[in-house]
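S.K.: Could you work out the structure for the sequence below:
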Amino acid sequence: MESERDDLRLMAGSPPFTQENLVTLANWQRPPFNRWAFQHIRELIPTARISRGDGPPWELPRAERDLMGVRFATRSGELTVGDLLDQTYTDGFLVLHEGQIVAERYFNGLRPDSPHLLMSVSKSVTGLLAGALAGQGALDVAAPVEAIVPELAGTAFAGATVQQLLDMRAGVRFEEDYDDPEAEIAVSDRVYLWRPDDGKARPAGAIEYFTTLSGDGPHGGPFRYRSILTDVLAWVLEKAGQARFSDLVARELWQPMGAERDAEVTVDGHGSALADGGISATLRDAGRVGLLALRRGRAPDAQVIPAAWLDDTIAGAPDGPRAFRSGNEATGYPPGAHYRNCWWVSHPRLPMFIAAGIHGQLIAVHVPSETVVVKLSSWPDALNAPMRRATEAAVLAIAKTLRAQGQAGRPRR
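M.R.: So this is what the prediction gives:
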């Protein structure tokens, strides 16, 4: 793990920029260009606004503590939290304990009002949106998707339930190799305007693209990570909620949660949102998402998501751990880990559950210590197992420290 200096002064000065510091649609997902791009998505890709409305923000009182010296073990030796932030391309770091900000740090030009790309943390936001709609009776997660979106009849998605989309257990082929320019994820990126057009024939938008995918197994089988399932889920939610995805997130989550700033989500040429990874939000609002999950869907002034939805997320499906173990992402997770409602339940016995995205995006919810940790990053690699393991070890060490401090500060009976 080693940080990278930004010597190119990306997009600095006045246009026209020099070729070496120009961030473009062709290079923005690669280092070092992603260090600038993740904070400036709207300058590269069309986005739709997720409005916070005009209500008061969820107040986050400050009770700062020095957590930078908290130590934890990694496979390559011991680190402190400060070391981790220095060595893992950190852009923003926030720790909430018992609803209070105990640590907040900004790096690489990120500011409290700057939106940062959440990558696949967006999936977990989408899962919470599904919970809000299900709680209102607008969404039946046991229904087959074509009952809600008739256009999916006759496609590879037909017969899959909404819950199977939420749990990534629909039997649809979607190769997610970020280094393969011919993989389905690369085609999807071009459809959603995340990559330049390569001149090859392709669907004009996401809705048309969904119909081109083929099946590769029964629905309800092993967990296999396929981002496109969350995008189809977003279409289902739009039909159920009778609004565009960006407006649904605003109406059902961002506003009742008490977000401090507007968020945004990237859209294709027809306005379909990239729900699997296209949301950008500020560090504190990402923290509010984690706090909402920690508090079983309760914001200061409203029950935004039914508590039962979060309980179900942690408990998982009866065969969830088995499906997870037999899938393609189980390495390094403890027994009982599973994926449910677009969240990674990494330590179900604690419990601790996580929203995670490539290049180092994370919201971790540690229930017994009432701790939420948010880390926004711009790793040079999409996936980096040592950085991921170190970040999760740091979260556990921080939670242990805060829990011990909290117990020491409480009067004995």
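S.K.: and Asp303, how many residues sit next to it?
M.R.: Actually, residue 303 is Gln rather than Asp. Residues within reach of Gln303, counting by other Cβ atoms under 10 Å, total 14. Glycine gets a C-beta too; all of them are placed from N, C-alpha and C.
S.K.: Not counting sequence-adjacent ones, nearest residue to it?
M.R.: Of all residues not flanking Gln303 in the chain, Gly297 sits nearest, at 5.9 Å (Cβ to Cβ, 6 or more residues apart in numbering).
S.K.: From Phe93, how far off is that neighbour?
M.R.: Taking Cβ to Cβ, to the nearest Å as the measure, Gly297 falls 25 Å from Phe93.
S.K.: neighbour-wise, which of these two wins?
M.R.: Neighbour count, other Cβ under 10 Å: between Gly297 and Phe93, Phe93 has more, with 25 against 22.
S.K.: secondary structure element for the more buried one?
M.R.: If you go by DSSP states H and E, Phe93 is part of strand 90-97.
S.K.: In PDB, list the C-alpha atoms belonging to that strand.
M.R.: Taking C-alpha atoms only, strand 90-97 is exported to PDB below (Å, rounded to 0.1, in the frame of the first residue of the first chain):
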ATOM      1  CA  THR A  90      -7.900   8.700   0.700                       C
ATOM      2  CA  ASP A  91     -10.100  11.600  -0.400                       C
ATOM      3  CA  GLY A  92     -12.400  11.700   2.600                       C
ATOM      4  CA  PHE A  93     -12.800  10.000   6.000                       C
ATOM      5  CA  LEU A  94     -15.600  10.300   8.500                       C
ATOM      6  CA  VAL A  95     -16.400   8.400  11.700                       C
ATOM      7  CA  LEU A  96     -19.700   8.800  13.400                       C
ATOM      8  CA  HIS A  97     -20.200   7.400  16.900                       C
END
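S.K.: hmm, back to that, I figured the residue nearest to Gln303 hits Asp311, correct?
M.R.: No - counting by Cβ atoms under 8 Å, Gly297 sits too far from Asp311 to count as a contact (9.6 Å).
S.K.: quick one: pLDDT of Ala408?
M.R.: Here the pLDDT value assigned to Ala408 is 59.
S.K.: my bad, Ser188
M.R.: pLDDT recorded at Ser188 is 96.
S.K.: Same question for the one 3 residues further on.
M.R.: pLDDT, Val191: 97.
S.K.: Run through the residues that contact the residue nearest the centre of the chain.
M.R.: Taking Cα atoms, centre = their mean as the criterion, Val121 is the residue nearest the geometric centre of the chain, at 0.2 Å. By Cβ atoms under 8 Å, 6 or more residues apart in numbering, the contact set of Val121 is Ile279, Ala286, Val289, Ala355, Ala356, Gly357, Gln361, Leu362, Ile363.
S.K.: Paired strands for the strand holding Phe93, with orientation please.
M.R.: Paired with strand 90-97 in the same sheet, following DSSP bridges, are strand 100-106 (antiparallel), strand 371-377 (antiparallel).
S.K.: neighbouring contacts of that strand?
M.R.: Strand 90-97 is contacted from outside by 35, 38-39, 60, 63, 67, 84-85, 101-108, 110, 116, 283-284, 286-287, 290-291, 360, 369-378, 398, 402, 406, using Cβ under 8 Å, 6+ apart.
S.K.: Type out the ChimeraX command that picks the buried ones from those residues.
M.R.: If you want just the buried ones from those in ChimeraX, going by 16 or more other Cβ atoms under 10 Å, the selection is:
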select :35,38,39,60,67,84,85,101,102,103,104,105,106,107,108,110,116,283,284,286,287,290,291,360,369,370,371,372,373,374,375,376,377,378,398,402
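S.K.: For the spatially closest residue to Pro31 that is not a sequence neighbour, which residues are in contact?
M.R.: Nearest non-adjacent residue to Pro31, counting by Cβ to Cβ, 6+ apart: Pro380, 3.5 Å away. Neighbour list for Pro380: Glu4, Arg30, Pro31, Pro32, Asn34, Tyr89 [criterion: Cβ under 8 Å, 6+ apart].
S.K.: Pull out the buried members of those.
M.R.: Buried by 16+ other Cβ under 10 Å: Pro32, Asn34, Tyr89, out of those.
S.K.: Output these in TSV; the columns should cover distance to Arg9 and pLDDT.
M.R.: Shown next, in TSV, are the buried ones among the contacts of Pro380 (distance: Cβ to Cβ, whole Å; pLDDT from 0 to 100):
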residue	distance to Arg9	pLDDT
Pro32	10	96
Asn34	15	98
Tyr89	17	98
